[in-house]
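[1] Could you work out the structure for the sequence below:
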Amino acid sequence: MKKEIRRLTFVTIIFFSILIIYLTYIQGIIGNKLYLNSLNPRLALVEQETKRGIIYDRNGKVLADNVLVGDRFERQYPYGPSTALVVGYLSDRFGSSGLEANYKEELLGLTGWQRVRNTLRRLTEKPVQGNNLALTIDADLQRLSTNLLGERRGAVVALDPRTGEVLALASSPNFDPNKLEQEWSWINSPKAGSPLLNRATQGLYPAGSIMKIITATMALEEDLNISDYEFYCSGFIEINGRRLTCPRPHGEVNFNEAMMYSCNVTFANLALKFGVDKFKETAEHYGFGKKIEFDLPLKKSQATTNKMNANALAESAIGQGPVLVTPLQMAMVVGSLAMDGVMMQPYLVKNITNPEGKLIWKARPRPYQIVTRKDVAQKIKEAMIATVNEGTATAAALPNIKVAAKTGSAQNPHGKAHAWLIAFAPAEDPEIAVAVIVENGGSGGVAAAPIARQVMAAALRR
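    Down below sits the predicted model:
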């Protein structure tokens with residue numbers, strides 16, 4: 001009998017121990033996440049009783065505000081479609097997205113002591129307000145970037161390479177968050193072209209020739225004198241029975257000319273010379289294959305696979321094969337070259353203030369990592385300047401301002417090539433870095449470069 005009692009006691013202790021651990025996990029670890037889940041009816045009640053915080057751009061222009069409809073507040077978005085995929089939307093029927101979703105805790109005043117304070121205010125039926133967000137986005141530059149894309153599918157990313165502040169994060173097609181419920185059926189129809197997809201952060205594209213920046217880095221790190229070498233392009237290179245071609249035979253070219261005319265043969269040969277391991281290492285330094293912290297969901301870019309043969313390496317070196325990148329990633333890549341090899345951590349939220357305007361939190365620029373040496377970055381910068389002056393990126397040139405750029409035309413199995421351009425300016429003292437992709441745009445120098453030029457010009461004027 002005593003043995004059975006001991007056994008029952010032991011089982012009871014184990015049961016209650018498991019229960020205590022589980023309840024601790026629920027309350028202490030994932031409790032806040034469950035509380036903020038859009039399916040939580042208590043959160044829906046909080047939403048109805050709270051005047052959500054305002055979202056501003058970097059210059060104090062309102063991107064998301066509240067309007068009183070009957071006895072409750074509804075969200076209003078003054079910049080409509082141009083900021084929809086950054087700010088997001090808020091809907092009783094369809095939940096939330098963008099910063100409205102990712103910063104709901106702050107916008108509803110549910111952080112720290114404010115959560116307690118606002119709970120007490122609700123109990124005493126006093127008005128409750130959330131915190132305000134100030135973004136790094138320039139609303140006018142964002143609108144311009146969106147308008148330049150027009151009805152074409154693609155994305156524009158502009159950032160300050162010195163700080164990592166994202167100045168524009170445009171994606172097309174998009175939608176009007178003020179008309180979300182009326183247009184929901186169309187937004188989700190195949191003809192709409194996935195307007196809920198933020199192509200700047202979630203779109204994964206073959207990189208095409210802009211990937212030659214990474215290949216150039218790999219080669220110059222191994223031998224800086226490569227910038228003085230002569231290369232020969234017959235128009236193709238044969239690797240294990242497979243032929244990789246150039247748009248045309250370039251003949252004898254130096255390093256700058258290989259970049260200027262985007263010579264596939266030269267960069268494939270450089271990758272084969274220095275090998276898979278060095279290529280992988282260089283791509284990792286640029287953030288490929290890594291999860292990068294950001295204010296919105298950001299897909300990982302990839303440059304390699306676990307097993308790569310010579311053909312796969314040569315294809316990756318020119319931005320084909322397994323290479324898939326986001327526009328934000330490529331803006332970070334070109335921004336790091338602008339800063340002599342220092343890649344800055346990108347961010348969208350500049351500061352958070354309470355309803356009275358008191359500063360609660362402020363972002364501080366910080367390096368993400370060192371991608372390469374300064375002397376290597378300088379060599380690539382010189383080649384990119386030459387690409388604008390005499391090569392494939394002449395359409396990105398600005399009057400009286402030195403621009404560094406690289407074009408790309410990424411092969412697309414579903415149709416015409418995607419058009420890329422990455423650039424920064426002024427080249428000698430960079431203030432703006434951009435990445436532009438136009439889906440099925442063909443030549444980067446024709447479709448993407450004019451967009452990048454106008455975005456850089458507008459940013460520098462401001």
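[2] show me where the stretch 201-350 of the chain has strands.
    For the stretch 201-350 of the chain, the strands defined by DSSP state E, counting those that start in this stretch cover 230-233, 236-239, 242-245, 251-254, 342-344, 349-353.
[3] Of all those strands, which one is nearest Pro430?
    Between Pro430 and these, the shortest gap by C-beta to C-beta is with strand 342-344, which sits at 11.4 Å. (Glycine included, C-beta is placed from N, CA and C.)
[4] and the closest one, how far out from the chain's middle?
    Centre-to-centre, strand 342-344 and its host chain are 14 Å apart (C-alpha atoms, centre = their mean, to the nearest Å).
[5] what ranges do the helices span in the stretch 51-200 of the chain?
    Counting by DSSP state H, counting those that start in this stretch, the segments of the stretch 51-200 of the chain that form helices are 84-87, 98-102, 104-107, 112-123, 139-149, 180-187, 199-202.
[6] thinking again about what came up before, identify whichever of the strands of the stretch 201-350 of the chain lies nearest to Leu159.
    Across those, Leu159 has its closest neighbour in strand 342-344 (8.1 Å, C-beta to C-beta).
[7] If we go by neighbour counts, what in stretch 215-228 is buried?
    Thr215, Ala216, Thr217, Met218, Ala219, Leu220, Glu221, Ile226, Ser227 (16 or more other C-beta atoms under 10 Å).
[8] quick one: which of the residues you listed sit in helices?
    Of these, the ones assigned to helices by DSSP state H are Thr215, Ala216, Thr217, Met218, Ala219, Leu220, Glu221.
[9] domains for this structure, by residue range?
    Here the domain assignment for the chain is 38-136, 141-174+183-347+362-461, based on automatic domain parsing.
[10] picking up where we left off before, between the buried residues of stretch 215-228, which is nearest Ala457?
    Ala457 has its nearest neighbour among the buried residues of stretch 215-228 in Ala216, at 26.7 Å by C-beta to C-beta.
[11] Share the number of residues neighbouring the spatially closest residue to Gly321 that is not a sequence neighbour, please.
    Nearest residue to Gly321, sequence neighbours excluded (C-beta to C-beta, 6 or more residues apart in numbering): Glu315, at 3.2 Å. Close neighbours of Glu315, defined as other C-beta atoms under 10 Å, add up to 24.
[12] Could you list the low-pLDDT ranges of the protein?
    Within the chain, the segments meeting pLDDT under 70 span 1-3, 8, 10-11, 15-46, 48, 112-127.
[13] what's the longest strand in it?
    The longest strand of the chain (DSSP state E) is strand 415-425.
[14] The following helix or strand past that strand: partners in the sheet, and parallel or antiparallel?
    Counting by DSSP states H and E, the next helix or strand C-terminal to strand 415-425 is strand 432-438. Paired strands of strand 432-438, with direction, are strand 154-159 (antiparallel), strand 415-425 (antiparallel) (DSSP bridges).
[15] Kindly export the first one (C-alpha atoms) in CSV.
    Taking Å, rounded to 0.1, in the frame of the first residue of the first chain, the C-alpha atoms of strand 154-159 are listed here in CSV:
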residue,chain,number,x,y,z
GLY,A,154,9.6,45.6,-59.7
ALA,A,155,11.2,47.4,-56.8
VAL,A,156,13.3,50.4,-55.9
VAL,A,157,15.4,50.6,-52.7
ALA,A,158,17.2,53.8,-51.7
LEU,A,159,19.3,54.0,-48.5
